[in-house]
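> got a predicted model here, sequence first, then my questions.
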Amino acid sequence: MNARLRRTAALAAALALAAAGPSPDADWPCVQRFVPRLAAAALWPGPPPEGEWRAAEGVAALVGRIAPRAVPEEEGTAAIEAFAAPLDPASRRRLLPLAFAGVLEETNKQRDALLEQIRRFARRQRDLAEGVRRLEGELRATPADAGAARTELEQRHAFAAKSFTDAERTMRYACEAPVRLEGRLGAYARALAAALPND
């Protein structure tokens, strides 16, 4: 199969997917299952937090340091270990659950924004797919010897198809962003839980 046929086949498959029947959330285009919010119960094995994490000594600073999306997982877990190291067992039992509550809340805020961006992107993709299909219909209805009109249609179709396939690649990358946040949150939960006293 030559490169043009491969591109055409890939475009046809993507357009078919864009036109497929409704999913549980019609605006969710990712292969990953749509999870609107991350719940503490699924990630945190420790005791429930008591109090407000923003008011706890040192916790707000730790959360502010490790929660931003740009912070690598390894840097965040190292900061958690450094925060926990000087704490006595009672302080660990009190502060580490609060730290988890803080990173969970901040991660969910970031995910909310990402999920909405992805859903907006999916709606735009459906519009692009419809435009490509409409131009394909016009091309089929236009005689091959239609001259400049046919040439213009072909150019418009090629541009629309390229826009769609470029956006599909961006979509695949965008769909990974919530997964990376979830993975990092899981690593933070494990690091915090590991620092809890055993008794």
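Received, thanks.
> which is the next helix or strand following the longest helix seen in the chain?
The residue-count maximum for a helix in the chain (DSSP state H) belongs to helix 89-141. Downstream of helix 89-141, the first helix or strand assigned by DSSP states H and E is helix 148-194.
> roughly how far out does that following helix sit from the chain middle?
Taking C-alpha atoms, centre = their mean, to the nearest Å, one finds helix 148-194 lying 9 Å from the centre of the chain it belongs to.
> start the count at 302, not 1, going forward
All right, first residue 302 from here; so that's helix 449-495.
> other SSEs contacting it?
helix 304-319, helix 374-385, helix 390-442 (3 or more C-beta pairs under 8 Å, 6 or more residues apart in numbering; DSSP states H and E). For every residue, glycine as well, the C-beta is placed using N, CA and C.
> give me the number of residues near G365?
12 (other C-beta atoms under 10 Å).
> against Q418, how distant is it?
23 Å (C-beta to C-beta, to the nearest Å).
> give me the distance between the spatially most central residue of the chain and E407.
The centre of the chain sits closest to P479, judged by C-alpha atoms, centre = their mean, with a distance of 2.9 Å. As judged by C-beta to C-beta, P479 and E407 stand 14 Å apart.
> now L454
Distance from L454 to E407, by C-beta to C-beta: 50 Å.
> tell me the pLDDT at the closest residue in space to R451 that isn't next to it in sequence?
Distances taken as C-beta to C-beta, 6 or more residues apart in numbering place T443 nearest to R451, at 5.2 Å, with adjacent residues excluded. At T443, the pLDDT value in this model is 81.
> count the neighbours of R424 for me.
A count of nearby residues for R424, using other C-beta under 10 Å, gives 12.
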